[in-house]
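K.L.:
Sequence and predicted structure below; questions after.
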Amino acid sequence: MISFILRRLLQSLVVVLVLSLVLFVGLWLIGNPVDVLISSEATEADRLAAMKALGLDRPIWEQYLVFLGNAVQGDWGTSFVYKEPVTRILMQRLPASIELALVAFVIAIGFAIPAGLYAGLRPQSRLGRAFMSFSLIGVSIPTFWQGMLLIVAFGIMMPILPVGDRGEVATHFGITSSLWTLDGWWHVVLPAFSLALLKLSLLIRVTRTATLEITRLDYVKFAHAKGVRTWRVVFVHILRNAMVPLITVIGIELGNLLAYGVITETVFSWPGLGKLLINSIKVLDRPMIVAQLTYTALLFIAINFLVDVLHMTIDPRVRAAMGRRNT
């Protein structure tokens with residue numbers, strides 16, 4: 001186990017270094033942020049002064065080494081636009097993205113697993129077919145189109161839900177969140193459902209497929225033949241084994257919810273990291289872009305690591321394979 005953790009940490013370090021280098025070089029090739037940040041009427045002297053102030057007059061390799069040295073110390077640089085430390089800005093926006101992703105995650109998991117399980121156990125039933133039809137619609141409609149349809153339906157035609165901003169926030173236990181207030185929940189429902197819809201549809205299909213495969217296995221048939229209660233067969237034998245492939249998908253989709261809510265946050269004007277990333281790309285705010293995308297990489301690495309640990313906990317075959325590999 002220790003060797004596995006050390007190996008994964010080393011792989012993660014290499015991935016983050018390569019990603020940061022690719023991002024740095026890619027942003028350098030795209031263009032000079034000074035051309036966007038200063039007036040087109042500025043003189044060449046003003047332009048050179050701005051480049052020097054932002055540290056863009058140095059060679060690209062020197063800029064990258066300075067960035068790495070500061071990042072190791074927890075300093076991700078200063079935003080070209082906001083003139084504030086990138087870390088402070090990200091920490092201000094992160095709670096909004098986390099609460100949106102968590103509510104969307106709860107919606108997706110709370111509905112998808114029971115629906116997919118039922119559709120797998122009763123594939124020919126009307127309700128099972130209805131769940132699969134719903135999942136097909138959710139997968140087929142693009143995320144931005146889903147968001148706009150929800151805004152039209154529940155914000156314009158039936159104006160029962162707010163369609164923008166985060167709502168009222170409150171601070172409890174040192175955590176500032178809109179989930180502490182009723183108005184905050186009222187604001188988060190629509191964007192969270194829009195964000196959850198694609199993940200929900202995918203999880204229904206994965207759960208149904210896993211359930212269908214497991215119900216055909218001999219040990220499930222033997223359990224029924226022994227007279228084991230149906231609920232025990234479903235939850236102990238079927239659902240537990242179906243969770244093995246589900247954990248991988250859930251881990252990836254949780255990372256997607258946290259990292260790639262860009263479209264949903266933009267459509268609903270949600271003040272999170274996704275909307276911040278779009279605004280940063282428009283003005284080539286290099287420190288902000290590199291910090292956000294590096295954070296995304298770290299997030300996926302952490303989630304994949306937790307998924308591997310859960311696999312080892314749930315599936316004894318994975319533990320046995322790891323044991324043979326270490327011997």
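P.N.:
Cool, got the structure.

K.L.:
only C-alpha atoms for contact and neighbour calcs from this point on.
P.N.:
Noted.

K.L.:
Would you mind measuring from the closest residue in space to Gly55 that isn't next to it in sequence to Gly77?
P.N.:
Leaving aside its chain neighbours, Gly55 sits nearest to Gln63 (7.4 Å; criterion: C-alpha to C-alpha, 6 or more residues apart in numbering). Per C-alpha to C-alpha, to the nearest Å, Gln63 is found 11 Å from Gly77.

K.L.:
Which one's more surrounded, the two?
P.N.:
Gly77 (20 against 14; other C-alpha atoms under 10 Å).

K.L.:
what helices or strands is the longest helix along the chain leaning on?
P.N.:
In the chain, assigned by DSSP state H, the helix with the most residues is helix 86-121. Packing partners of helix 86-121 (3 or more C-alpha pairs under 8 Å, 6 or more residues apart in numbering; DSSP states H and E): helix 126-140, strand 175-177, helix 182-215, helix 240-259, helix 273-282, helix 286-314.

K.L.:
The last one: which residues count as buried?
P.N.:
Looking back up the chat, that one is helix 286-314. The neighbour-count check on helix 286-314 (16 or more other C-alpha atoms under 10 Å) flags 286-294, 296-305, 307, 309, 311-312 as buried.

K.L.:
rewinding a little: and the longest helix of the chain, what's buried?
P.N.:
By neighbour count on 16+ other C-alpha under 10 Å, the buried set for helix 86-121 is 86-87, 89-90, 93-105, 107-109, 112-113, 115-121.

K.L.:
Stretch 198-207 now?
P.N.:
198-207.

K.L.:
got the CA coordinates for that stretch in CSV?
P.N.:
What follows is stretch 198-207, C-alpha atoms only, in CSV (Å, rounded to 0.1, in the frame of the first residue of the first chain):
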residue,chain,number,x,y,z
LEU,A,198,-25.9,15.0,-18.0
LYS,A,199,-24.1,13.2,-15.1
LEU,A,200,-27.5,11.8,-13.9
SER,A,201,-28.3,10.4,-17.3
LEU,A,202,-24.8,8.7,-17.6
LEU,A,203,-25.0,7.2,-14.1
ILE,A,204,-28.5,5.7,-14.8
ARG,A,205,-27.1,3.9,-17.9
VAL,A,206,-24.0,2.7,-16.1
THR,A,207,-26.0,1.4,-13.1
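
K.L.:
Pull the distance from that stretch to the chain's centre.
P.N.:
Its chain's C-alpha centre and that of stretch 198-207 lie 15 Å apart, by C-alpha atoms, centre = their mean, to the nearest Å.

K.L.:
now do stretch 131-140
P.N.:
On C-alpha atoms, centre = their mean, the centre of stretch 131-140 falls 21 Å from the chain's centre.

K.L.:
Any regions of the stretch 1-150 of the chain where pLDDT drops low?
P.N.:
Across the stretch 1-150 of the chain, residues meeting the criterion (pLDDT under 70) sit at 1-2, 4, 40.

K.L.:
got the contact list for the closest residue to Ile98 other than its chain neighbours?
P.N.:
Counting by C-alpha to C-alpha, 6+ apart, Ile98 lies nearest to Leu258, which is 6.3 Å off, once chain neighbours are set aside. The neighbours of Leu258, taking C-alpha atoms under 8 Å, 6 or more residues apart in numbering as the test, are 97-98, 101.

K.L.:
related to what we said a few turns ago, pull up the gap between the residue nearest to Gly55 and Gly74, please.
P.N.:
16 Å.

K.L.:
do Gly128 as well
P.N.:
50 Å.

K.L.:
out of the two, which sits in the busier spot?
P.N.:
More crowded of Gly128 and Gly74, by other C-alpha under 10 Å: Gly128, with 20 against 10.

K.L.:
isn't the more buried one right next to Tyr118, touching?
P.N.:
Yes: here Gly128 lies in contact with Tyr118, judged by C-alpha atoms under 8 Å, at a distance of 6.4 Å.

K.L.:
doesn't Leu54 make contact with the residue nearest to Gly55?
P.N.:
No: the pair Gln63 / Leu54 is not scored as a contact, 10.4 Å apart, by C-alpha under 8 Å.

K.L.:
Leu27 contacts Arg286, correct?
P.N.:
Yes: the criterion here is C-alpha under 8 Å, and Leu27 meets it with Arg286 at 6.9 Å.

K.L.:
List the buried residues of the helix or strand harbouring Leu10.
P.N.:
According to DSSP states H and E, Leu10 maps onto helix 2-30. Neighbour-count burial for helix 2-30, with 16+ other C-alpha under 10 Å as criterion, is recorded at 8, 12, 15-16, 19-21, 23-24, 27.

K.L.:
and that helix, what does it pack onto?
P.N.:
helix 60-72, helix 286-314.

K.L.:
Could you check the angle the first one makes with helix 2-30?
P.N.:
Interaxial angle of helix 60-72 relative to helix 2-30 (axes from the mean of the first three to the mean of the last three C-alpha atoms, to 10 degrees): 140 degrees.

K.L.:
likewise the last one?
P.N.:
For helix 286-314 against helix 2-30, the angle by the same axes, to 10 degrees is 150 degrees.

K.L.:
got the angle between helix 286-314 and helix 240-259?
P.N.:
Going by the same axes, to 10 degrees, helix 286-314 is angled at 170 degrees with respect to helix 240-259.

K.L.:
Sounds good, over and out.
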